[in-house]
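In: Starting from these lines, generate the structure:
(chains A and B)
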Amino acid sequence: MIVPVIKVENLKMYYKTKMGYVQAVDGISFELEAGESLGIVGESGCGKTSVSMTLLRTLPENAHFMGGHVWFNDNGKMVDLTQLPEDEMRHYRWRGISMVFQAAMNSLNPVYKVGDQIVEAILNHYPDTPIDQAKAKVAKLFELVTLDPKRMEQYPHQYSGGMKQRAVIALSLACDPKVIIADEPTTALDVIVQDKILRELKKIQKELNMAMIYISHDIAVIAEVSDKIAVMYAGKFVEEADSTTIFKRPMHPYTFLLMNAFPSHVGPKKKLFTIPGEPPNLLNPPKGCRFAPRCPWADNRCREQDPEYVEVEKGHYLACWHPLTEEVRQNELRK
Amino acid sequence: MSLENKGKKTLLEVKNLKKYFPAERALFARAKHFVHAVDDVSFELIEGESLGLVGESGCGKTTTGRMIVRLETPTDGIIKVYEKNINEYNRMEYHSMVQMIFQDPYESLNPRMTIFDIIAEPLNIHNVGTLEEREERVMKLLSEVGLTPPDSFLWRYPHELSGGQRQRVAIARALVLNPKLIVADEPTSMLDVSVRTGVMQLMMQLQEEHSVSYLYITHDLAVARYMVNRIAVMYLGKIVELAETEELLSHPLHPYTKALMDAVPVPDPEYKRSEPNIVGNISVPIDPPPICRFYDRCPFREVLGNRCKVEEHPPLKEVAPGHYVACYAVHEGKIMK
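Out: Sure, this is the predicted structure:
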């Protein structure tokens, strides 16, 4: 039996505001094996970034952890990260789970040389490392992300956008993490640079046999980097399956509509679907299924009872009272 | 497409348009170096047709759009609307024909004005109709852009609306004077996928109902595919390829267009893209050498021996009906469909 590197169970995190609790992460579960990549796709405000912050426990002050478990496989021993005191959590941050942030330009310190910043990260987590060894490691990381090791001596402003993003990836790899979370790492980049970074990230992830959680709103990017995809809507996962299933045989109406709302520049020109309405306010989410107010297939039960998130076939998880059948999908596509 | 257009008037004509911005100018000193943001761009737009300007950031697509709505003054070149130089129109005349939709609906609407005031402002400026007529017109537009019931939106403020709704207000404002041309600068790039298709479909529908043309500026080839009849691909201030949308997407010829198309991720996990055939990184065109702007990054730069290195930037030449390419290697048949 394969033991997962990370297993998340019913994770909940709410933000406290003057108006009440914002239910940003409301019962998320998934697991990942080494070398596997999970794409979390969702629209802005659905809570996907909050998931990554909850996993790493880098939350703002008004965030309240409401329950659930994050089991991390520490050489065979499953540790619940949510229960650790802060100083023990530090041990797992970056060494266990590291992160590539969205705004690469802001995650590097402008007044330090880029190489030194990565050396510092290594020394922080492994204080006994001789400095030469740390430097040699950074040089190797630079080569891995196709940056010239000579650039270690340069400052962030001497880097282009794509190079900064590569440096941030090198930084996230500095302590040999088992899990890497990439939160929209290419969103601010032009497509040709994005393409290179995506290819490198994927190659590195496979080479180092890391588990990767890739968070994005861009379905096309998610399609390319993920082995399996979780679709997030209003603080919850509504469907998770391997990427082909999510694209070709989605069962949740939101997944189906979302996949067919995305234009492509290749292949036959398809009709684009629209989803009526807007995502709900998580301060006061709708009763029952959160997608029900926008769902063409919703009935009274959907508006009253929240469907449970269950495994409907091997590796395919779903929260829906009316899963779409092949017939329904084909009918919709023919319309 | 081109046959249908016979007999229709030329709405917009852009000829040898240039915009140079001074680079690194010291206080009181004259600029010595210039960024060639838009460098000798020419195209035409026929009434009712829509053209997409597609390219990466810094290619000059937005600057071109801003010059057409007279938000920037060209360094050189001519822009004509209905065969008359746009400087010969007075501001009021001009903006009743040409309007703009901006990228960011959070920035482009005045937060202190109500939705009614925002949409009616062009009518006030142009002194169109009585107050009742204006109110009626605004209500009609609100329901056309899908903000229904319209009277529930009239007296609200932008902060009460979502991004998609705000962009619909911006579209209504652009349409209120019945313009002929709307310059739309990435109008859907800030919107979420589920909301974006709605706005795209609305814009397509309004184009027919109001017989308006779009100059659609975007970095996204897939979005352009649904919005425009023809696409012009820009690279560092130059149009490198121009063709009808499906022709361009199925038979790209310019090496840059090919690379760009290969670089865009495809929403299909089974689709295997080929790796973009391009070297190096995009640069800023400060005092660029007169040779082909794409030379440094071109994988085919040596197929014609020395030619690409010594001759000036290739002209935009028609290589197939309606398909224009600025590349010597394509002109000489070294790069085929």
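
In: for B:H95, helix, strand, or coil?
Out: Of the three states, B:H95 takes helix according to DSSP: H, G, I helix; E, B strand; the rest coil.

In: give me the number of residues near it?
Out: Per other C-beta atoms under 10 Å in any protein chain shown, the neighbour tally for B:H95 reads 18. Quick note: C-beta positions are derived from backbone N, CA and C, even for glycine.

In: Surely it is in contact with B:K180?
Out: No. The pair B:H95 and B:K180 fails to qualify as a contact (C-beta atoms under 8 Å) at a distance of 11.2 Å.

In: show me where the stretch 101-250 of chain B has helices.
Out: B:115-125, B:131-144, B:163-175, B:193-209, B:221-227, B:245-250 (DSSP state H, counting those that start in this stretch).

In: Now do stretch B:235-250, average pLDDT.
Out: In this model, stretch B:235-250 has a mean pLDDT of 96.

In: Next: stretch A:19-33.
Out: 94.

In: what about the chain, any weak spots by pLDDT?
Out: Picking chain A for this. Chain A contains residues with pLDDT under 70 at A:1, A:104-105.

In: that's the other chain; I wanted chain B
Out: Checking chain B against pLDDT under 70 turns up B:1-7, B:25-26, B:337.

In: and the lengthiest helix in chain A with chain B, contact?
Out: Longest helix in chain A, counting residues (DSSP state H): helix A:191-207. Yes. Counting by C-beta under 8 Å from any C-beta of the partner chain, chain B is contacted by helix A:191-207 at A:191-195, A:198-199.

In: Distance of A:Y233 relative to A:I40?
Out: Distance, A:Y233 to A:I40, using C-beta to C-beta, to the nearest Å: 11 Å.

In: Tell me the spacing between A:F142 and A:S37.
Out: For A:F142 relative to A:S37 (C-beta to C-beta), the value is 23 Å.

In: and what of B:V310?
Out: Taking C-beta to C-beta, one finds B:V310 at 48 Å from A:S37.

In: These two: which is more packed in?
Out: Neighbours per residue, other C-beta under 10 Å: of B:V310 and A:S37, the larger number sits with A:S37, 23 against 9.

In: Enumerate the beta-bridge partners assigned to that one.
Out: A:M212 (DSSP bridges).

In: again, but for A:E9
Out: Bridge pairing for A:E9 - DSSP bridges - gives A:H69.

In: is it true that it touches A:G67?
Out: No. Using C-beta under 8 Å, A:E9 is not in contact with A:G67, being 9.5 Å away.

In: of these two, who's got more company?
Out: A:E9 (16 against 12).

In: so who does that one touch?
Out: Residues in contact with A:E9, defined by C-beta atoms under 8 Å, 6 or more residues apart in numbering or on different chains, are A:29, A:68-71.

In: partner residues bridging the residue nearest the centre of chain B?
Out: Residue closest to the average C-alpha location in chain B (C-alpha atoms, centre = their mean): B:I217, at 2.6 Å. Per DSSP bridges, the residues bridged to B:I217 are B:L53, B:D185.

In: For it, give its distance to B:I182.
Out: The gap separating B:I217 from B:I182 is 11 Å, by C-beta to C-beta.

In: now swap in A:G67 and tell me
Out: Going from A:G67 to B:I182 by C-beta to C-beta gives 51 Å.

In: What parts of the stretch 1-150 of chain A come near chain B?
Out: So the stretch 1-150 of chain A meets chain B at A:43-44 (C-beta under 8 Å from any C-beta).

In: Nearest to chain B: which residue in the stretch 1-150 of chain A?
Out: Going by C-beta to the nearest C-beta, chain B is nearest to A:E43 of the stretch 1-150 of chain A, at 4.0 Å.

In: for that residue, helix, strand, or coil?
Out: Looking at A:E43 with three-state DSSP, the answer is coil.

In: OK, contacts around it?
Out: Going by C-beta under 8 Å, 6+ apart, A:E43 touches A:217, A:233, A:279, B:192-195.

In: and the residues you listed, which two are the farthest apart?
Out: Farthest apart among the contacts of A:E43 by C-beta to C-beta are A:Y233 and B:V195. That separation is 13.5 Å.

In: Tell me the residues of the stretch 201-337 of chain B that contact chain A?
Out: Counting by C-beta under 8 Å from any C-beta, the stretch 201-337 of chain B sits next to chain A at B:201, B:219-223, B:225-226, B:246, B:249, B:259-271, B:273, B:275-276, B:278, B:281-282.

In: Report the central residue of chain A.
Out: Nearest to chain A centroid, counting by C-alpha atoms, centre = their mean: A:I215, 3.0 Å.

In: right, and that residue touches A:M53 too?
Out: No. Using C-beta under 8 Å, A:I215 is not in contact with A:M53, being 10.7 Å away.

In: Verify the contact between A:E311 and A:Y317 for me.
Out: Yes. A:E311 lies in contact with A:Y317 (C-beta under 8 Å); the separation is 5.4 Å.

In: So between the two, which is more surrounded?
Out: More crowded of A:E311 and A:Y317, by other C-beta under 10 Å: A:Y317, with 20 against 11.

In: Look up phi and psi at the more buried one.
Out: Backbone geometry at A:Y317, expressed as degrees, to the nearest 10, gives phi -110, psi 150.
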